[in-house]
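Novice: after the sequence you'll find the predicted model.
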Amino acid sequence: MSNEKINVDVEYLTRVEGHGNIKVNANDGQIEKCEWQVIETPRYFESMVVDQSWKELHHITSRICGICSIGHTLASLKATEAAMGIEMSEQDKLLRKLILHAENMQSHVLHVGYLALPDLMGEGSVIPLASSHPEELKTVIRLHRLANEMSEMIGGRTTHPQRLIPGGFSKIPTEKELTDLKNRLKNSFNDLMAVADLCEAKADKFPDFNRETEFISLTNEEDYAFYDGQVRSTDTGISPVTDYKDITNEFVVNQSTAKFARNNRQSYMVGALARLNNNYDQLSPMAKGVAERFNLKPINHNPFMNNIAQLVEVVHNVRDSIKLIDELLEGGLEPQEDYYEPEVEVKAGRGIGAVEVPRGILFHDYTYNEEGTCTAGNCVIPTNQNHANIQQDMEKLAPNLINQGKEEDEIELNLEMLVRAYDPCISCSTHHLDVEFVE
Amino acid sequence: MNEISQTKEAKVVNPEGSPYNPQKARIIGERQLTTDTKLFELELESGERLNQDPGQFVELSIPGVGEAPISVTSSPTRRLDSFELCVRAVGNVTNTLHKTNIGDTVGIRGPFGTGFPVEELRGHDLLFIAGGLGIAPLRSLINYTLDRRDEFNNLNILYGCKRPCEQMFEDEVDHWARRQDIYHEATVDFCPDNVCWGGNIGVITELIPGVDIDLDNTYAIVCGPPVMYKFVLEELDEKDLPHEQIYLSLERRMKCGIGKCGHCQINGAEEVLYACQDGPVFNYEKVKGFEEAI
Amino acid sequence: MKAIDKSDFSEFVDNLIEDDDREVVGVQKKDSKFAFDPLYESDDLRLDYDTTILPPKKYFMPQRETLIEYNIEKGETTPVNRVVPRIILGVHPYDLVAIGQMDKVFEDTHEDPYYLEKRRQSVLVGVNMENVSDKSFASTMGTATIDSGYDLMLTDIGDRYAIEVGSSKGSSLLEQAGAAVDDAKPEEIRKVKQFKEDLPEKFRSDPEFDPFELPSLLKEYYDNDEFWEENSEDCLSCGTCNLVCPTCYCFDVKDVNDISLSEGERMRTWDGCMLEEFAEVAGDENFREEKAARYRHRYMRKGRYMYNRFGDIACVGCGRCSEQCLPDIADPVDIFNQMKEGTS
Amino acid sequence: MKPRVAFFDFAGCEGDQLQVANLEERLLDLLELVEVVNFREVISQKSDDYDIAFIEGSIATDHDAERLEEVRENADVLVALGSCAAIGGINSIRNSQDPKEVEERVYGDDADKIEAWDKAKPADAVVDVDHYIYGCPIDQDEFVHVVESLVQGKEPKIPTYPVCVECKMNENVCVFSRNGGDKNVSSAKREVQVPGSQKVEKGPFCLGPVTRAGCDSKCVNEGTTCWGCRGLVDNPNQNAHKKVLDKYGLTVEEVLNKFNLYFGWQQEERKNE
Ligand SMILES: Cc1cc2nc3c(=O)[nH]c(=O)nc-3n(C[C@H](O)[C@H](O)[C@H](O)COP(=O)(O)OP(=O)(O)OC[C@H]3O[C@@H](n4cnc5c(N)ncnc54)[C@H](O)[C@@H]3O)c2cc1C
Ligand code: SF4
Ligand code: SF4
Ligand code: SF4
């Protein structure tokens, strides 16, 4: 161990969504500062929704995040629907599950393929892969496109979907479209396995780092929960979604414009790894097969494995989508005459909606007056819930690295990889993250 | 865009003689005339002649950029196998053209439109009034009359620009100035102190009183920016020149050049004129009733 | 005159959908409106419609169509006309009149092979109007019924359709129906006649003008700036009245390149004289800058200019513009009535 | 030399950059035309040497403004990417709310820790912007068109007409005549008594008539209505549009709310003109 000064100062961490800085200072092997800072300009969605009509809320809150706009739209719709007691048809529910799969796939493929793989392959970005690994890149692009086209087919647009409205859909895909989609999903198995092979070949690049963590996600009896369920914590067990505030306990910290969250411990983790740890048994056999290849089993405490959990989930998304399409097509699609504007009984009330989005559990909570105008809103975003955990991980990982005598560059890279493993979506932390080694 | 939904494959037909398909023309010469205007000499790759009448225009076509109507500025009496375009860089097509090199090809459709009524003008006095780029279409007729000098009577050329540096075709202008058998005057709106300028300073209408106009025998031929027409025509009215003896070349937006797209319509209480087919050269008596013409 | 049982007609249509090389399109329900769309089964065909959102002109001059394909580097251009041969079912007489007018425009001087070839390769099966939209004034414009301009013309006479044959294209299509078609009985012929005679009653009764007065009325009103300004005050310059009109054909042309900038297509797309940019030229000069000027232009064109050029009143009274103009200021009947009142 | 292109994001959802990433195979083609040197969402490299800068998101802090000015210094061409950067976008909803209340609603007692402007502004409120790509999110084809045009040295052509034009070409049933409603029938007929309540629901409303086209009337095609995400056309006839909305039963307040979704900043600007 040297008495060197170490100073990691990463401003605007790349290949994540939004703005985060990593600041770490160490002197003589002693950490003086170790901070994950979020410096996103606040966007005030919880205020913007006030005075808006129930018909527009999901449109507005979709804009919280471009990457998981489908998830935000659905959480928003579920909150509104809960507040007004709006019932959904079984068919619409299946379609919503399907589009959530599409978004999860899209986001995970983007993350694993475009953002994490370059790290593993030792490239600065996905662009050089075009010449160094053209076939691999094309495989990733094909999967990404499939996911996007799936979102478009069901939601009318990949980003900020249009067809999702309170009570159901403004328009639904045709049976032919669904059948074509199913065939394309089936044909994607080869591509999925090719990406799994790629990751497996680089599996040794995942740092071996473990820290006891609390994992929180949705859970239900029927399926590997994305669209619906109750909240499950590996520490505190199952609680209803309506208790979300007691679980998330958001607080403001100085280093960040985004709020942090904690439940049972100093921090908890949400996202693919949390879901996998909580609901492993409900994964499709093919997805479990992939998990086994990486020796990924519940409860896994290595945050870097989140990437692999994402890969496993993509496989599950594809398998489960095929199943959902079969279910939809079984009795034939029910045409719905009133698609443009489902009948809704507007009433005062409060509703909470939770869905699993790529980065974890997402809560929207609205209160409406009897005109159907929103009087208060609260959104708790997965990345916010992870910030504290990233901070905790970093506080453990940084000294480890320093003690191992790693160079500043390498420390920086590892810390960056750690943050990226969480796939933070900072712009959507309606409230925010950064690494700095200060002298 | 939601294309028209189709259940059957489209048959692809290559329409022979599509009026929208340009023919290739090669740039064989170019000359910078002013900072933003160049003269291009082109020949059709087919080896055919353009066979334009003075005053006609072509659709200049650059695949990937678009099309723009451009007057043929060369006289059919001067060049047989090639033609000239005088082009100011103002937008997409014209800017791209300015970036081409000799030897490059562009597309040409046309010639289109009605040119100047050469037969009617023959044997008469002519008064050319050109403002700025308006010299481009007039030049084809001016040179035509110079080459067939004996077929025309007195020739008068008035040419106005904003500044001396914007005057084009200096060699030809000098030539006009030197010739005894034509009356030529040039003017600029403004002349910077350090520039030497032998001509008049002021708007072009100031030159009109100086011209000797034989009311029975003179035709005025006018082309310039939209604002110029009004003042020039007022001045010609002062002279009592009959409106039948005034010809104007007008500019409009055009998307086809062949009377289909509807953009170049000039409307009036009586009827509508298509600048691309009924013009671009119009008799003033005919168009003056058209509110949108001037 | 021929006739066919309705059930046989449905079967005939289903057979065409199944076997014919051509695409079969027809009028179908679209939410609360109707539209021409490809048919998948004859059950969807709605020959009792009042009017469609867009006229069938979209089949001969599509919203966007390729004129030429080009290679940017080589500067090579190839004219390309993508033609889908079609059997178009259920065209109302006013739309057939409008198609006849468009034919003249695209045949005039430089023939337009794109439009004309698409026309040639389609069969027009008309239908006499059973239902009339609230806004239509086709009977005033003399376009509620026609004697030519169709290949076949159907009339609903109860259990059967009476069929008038208007061209050899029409008769050969009818041959494909085989024995199901027989000669109309005398009383069926009488029914058709009666049907046409009764038709005018179904139309709105407010038009007070005669179509052939329009050219002179418009000439008289041309300089009445106040009139045009008042009537166009609420115009959104949205072009709806142009786009939905069966006799509007103005277009824009633009080059659409592929992403690598090596190839592309020169496309023609619909345009409209009500749009602000329509008459703009270089130097920001706009020859029809005010909405009143654009508004006037549209009426001049419908009622006078096209008449001067081709002898047609270019309004066939379909009522689409007035039905679809949001501020409700595009009703020709309203404008023409005002003119008529103002002059009498 | 290929033009060097950089992307920068401010307060926004990064959905527009995602649209660029979502070009999939076409993105590879695009990389043949330009060299991407900054694209934080996708690549790690950073460079201050670029010709074309795309700005995503609104500007709402001093820090944002400083960064943006720096980018403006470095770039030859600056393009506002997406509605937040081009017109203020959804962020400007809060511009019409009381700033104190806004902060308190989100950060409660910690509101004073946050330093943001009272208003979210489009990029051109801070620096000169050369080109605008509207939309929330942007339309991919339009993005490609703008990039190609810049590469070719052309002026990109962005529609100046309203969404209704594209909507008509797509032969949509106009939002105002949906649900069997007839747009020429009084608003009463479009009102639906909500079963079991006093509330009367009014038909859907559309901002298409005053919104700049270019999206191919995306939202109406998908069965919803135009929300105005591409901003106002150059010369919107908002009076006439208000009359239309009024005719269909929208109250003045509801109309303003609609206009405030995306037009907030533009309306303010128009007032100041
Ligand atoms: C009969 C005739 C003869 C002509 N002869 C000549 C000639 O000899 N020489 C010559 O230089 N010019 C001539 N012109 C003028 C020339 O055709 C125009 O200047 C033409 O617009 C140039 O095309 P462009 O693609 O370069 O410019 P464009 O890209 O069309 O732009 C030109 C200007 O128009 C505006 N503009 C164009 N399209 C739009 C749009 N869609 N939206 C908003 N603004 C737009 C632009 O802002 C720009 O200022 C002639 C025109 C006519 C009709
Ligand atoms: S008259 Fe009506 S339909 Fe026509 S452009 Fe104006 S507002 Fe649109
Ligand atoms: S954009 Fe809206 S108002 Fe315009 S035609 Fe479409 S639905 Fe109607
Ligand atoms: S329809 Fe309106 S809201 Fe939808 S993308 Fe287009 S401009 Fe935006």
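Specialist: The structure has been received and is ready for your questions. Ligands and ions are numbered 1, 2, ... in the order given.

Novice: which secondary element of the chain has the worst mean pLDDT?
Specialist: All of this is about chain A. Each helix and strand of chain A was given a mean pLDDT (mean pLDDT, DSSP states H and E); the minimum falls on strand A:433-436 at a mean of 30.

Novice: switch to chain D, please.
Specialist: helix D:187-190 (a mean of 38).

Novice: my read: residue C:133 touches residue C:323, true?
Specialist: Yes. Between residue C:133 and residue C:323 there is a contact under CB atoms under 8 Å: 6.4 Å. All C-beta atoms are positioned from the backbone trio N, CA, C, and that covers glycine.

Novice: joint contacts of these two?
Specialist: Contact criterion CB atoms under 8 Å, 6 or more residues apart in numbering or on different chains; residues shared by residue C:133 and residue C:323: residue C:51.

Novice: nearest residue to residue A:91 in space, please, no chain neighbours.
Specialist: Leaving aside its sequence neighbours, residue A:91 sits nearest to residue A:334 (CB to CB, 6 or more residues apart in numbering or on different chains; 5.3 Å).

Novice: to clarify, my last question referred to residue A:157.
Specialist: Nearest non-adjacent residue to residue A:157 (CB to CB, 6+ apart): residue D:218, at 6.4 Å.

Novice: if you count contacts, what does the longest strand along chain B end up packed against?
Specialist: Longest strand in chain B by number of residues (criterion: DSSP state E): strand B:23-34. With contacts taken as 3 or more CB pairs under 8 Å, 6 or more residues apart in numbering or on different chains; DSSP states H and E, strand B:23-34 sits against strand B:37-44, strand B:105-112.

Novice: and after the lowest-mean-pLDDT helix or strand in chain C, which helix or strand comes next?
Specialist: Every helix and strand of chain C was ranked by mean pLDDT, DSSP H and E. The lowest is strand C:280-281, at a mean of 76. Remark: after strand C:280-281, the chain's next helix or strand is strand C:285-286, criterion DSSP states H and E.

Novice: report whether that following strand contacts chain D.
Specialist: No. Strand C:285-286 stays clear of chain D (CB under 8 Å from any CB of the partner chain), getting no nearer than 11.0 Å.

Novice: touching chain B at all, that strand?
Specialist: Yes. Interface with chain B: strand C:285-286 contributes residue C:285 (CB under 8 Å from any CB).

Novice: which neighbours in the sheet does that strand have, and how are they oriented?
Specialist: Strand C:285-286 pairs in its sheet with strand C:280-281 (antiparallel), by DSSP bridges.

Novice: how about residues contacting the partner strand?
Specialist: By CB under 8 Å, 6+ apart, the list of residues contacting strand C:280-281 reads B:251-253, C:286-287.

Novice: need the max-distance pair from those residues.
Specialist: B:251 and C:286 (12.7 Å; CB to CB).

Novice: residue ranges with poor pLDDT in chain A?
Specialist: Judged by pLDDT under 70, chain A has its weakly predicted residues at A:1-4, A:6, A:11-19, A:39-40, A:124, A:255-258, A:336-343, A:425-439.

Novice: same check, this time on the stretch 1-150 of chain D
Specialist: Residue ranges of the stretch 1-150 of chain D with pLDDT under 70: D:41-45, D:109-114.

Novice: tell me the SS of the closest residue to chain D within chain A?
Specialist: Closest to chain D within chain A is residue A:66: 2.2 Å, counting by CB to the nearest CB. Here residue A:66 is coil, with the state taken from DSSP: H, G, I helix; E, B strand; the rest coil.

Novice: ok, residue A:366 next?
Specialist: strand.

Novice: what about it, neighbour count?
Specialist: Here the number of neighbours of residue A:366 (other CB atoms under 10 Å in any protein chain shown) works out to 28.

Novice: likewise residue C:93?
Specialist: The number of residues packed near residue C:93 is 24, by other CB under 10 Å.

Novice: my guess is it meets residue C:124, correct?
Specialist: No. Shown here, residue C:93 and residue C:124 do not form a contact pair, counting by CB under 8 Å, at 10.9 Å.

Novice: contact partners of the longest strand of chain B?
Specialist: B:38-46, B:82, B:86, B:100-109, B:165-169, C:75-76.

Novice: partner strands of that strand, with direction?
Specialist: Sheet pairing for strand B:23-34, assigned by DSSP bridges, gives strand B:37-44 (antiparallel), strand B:105-112 (antiparallel).

Novice: and the first one with ligand 1, contact?
Specialist: Looking back up the chat, that one is strand B:37-44. No. Applying CB under 6 Å from any ligand atom, one finds strand B:37-44 separated from ligand 1 by no less than 6.9 Å.

Novice: got the phi and psi for the residue nearest the centre of chain D?
Specialist: Centroid check for chain D by CA atoms, centre = their mean gives residue D:83 as the closest residue, at 2.6 Å. Note on residue D:83: its backbone torsions stand at phi -60, psi -40 [degrees, to the nearest 10].

Novice: what are the neighbouring residues in contact with the nearest residue to it once chain neighbours are set aside?
Specialist: Counting by CB to CB, 6+ apart, residue D:83 lies nearest to residue D:89, which is 3.6 Å off, once chain neighbours are set aside. The contact partners of residue D:89, by CB under 8 Å, 6+ apart, come to A:63, D:12, D:58, D:82-83, D:120, D:122, D:136, D:229, D:262.

Novice: report the mean per-residue pLDDT for the helix or strand where residue D:168 lies.
Specialist: Taking DSSP H and E as the criterion, residue D:168 maps to helix D:163-169. Helix D:163-169 shows a mean pLDDT of 95.

Novice: what's that helix packed up against?
Specialist: helix C:240-243, helix D:218-221.

Novice: the residue nearest to residue A:91 belongs to a helix, doesn't it?
Specialist: No. Going by three-state DSSP, the assignment for residue A:334 is coil, not a helix.

Novice: and it, how many neighbours does it have?
Specialist: The number of residues packed near residue A:334 is 11, by other CB under 10 Å.

Novice: now it: how far from residue C:179?
Specialist: Distance, residue A:334 to residue C:179, using CB to CB, to the nearest Å: 41 Å.

Novice: neighbours around whatever residue of chain B ends up closest to ligand 1, how many?
Specialist: Relative to ligand 1, the nearest point of chain B is residue B:91 (1.9 Å; CB to the nearest ligand atom). A count of neighbours around residue B:91, defined by other CB under 10 Å, yields 15.

Novice: skipping adjacent residues, who's closest to the residue of the stretch 151-273 of chain D found nearest ligand 1 in space?
Specialist: Proximity of the stretch 151-273 of chain D to ligand 1 (CB to the nearest ligand atom) peaks at residue D:157, 5.4 Å away. Leaving aside its sequence neighbours, residue D:157 sits nearest to residue C:254 (CB to CB, 6+ apart; 7.1 Å).

Novice: in contact with that neighbour: list those residues for me.
Specialist: Neighbours of residue C:254 in contact, by CB under 8 Å, 6+ apart: B:66, C:266-267, C:269, D:157.
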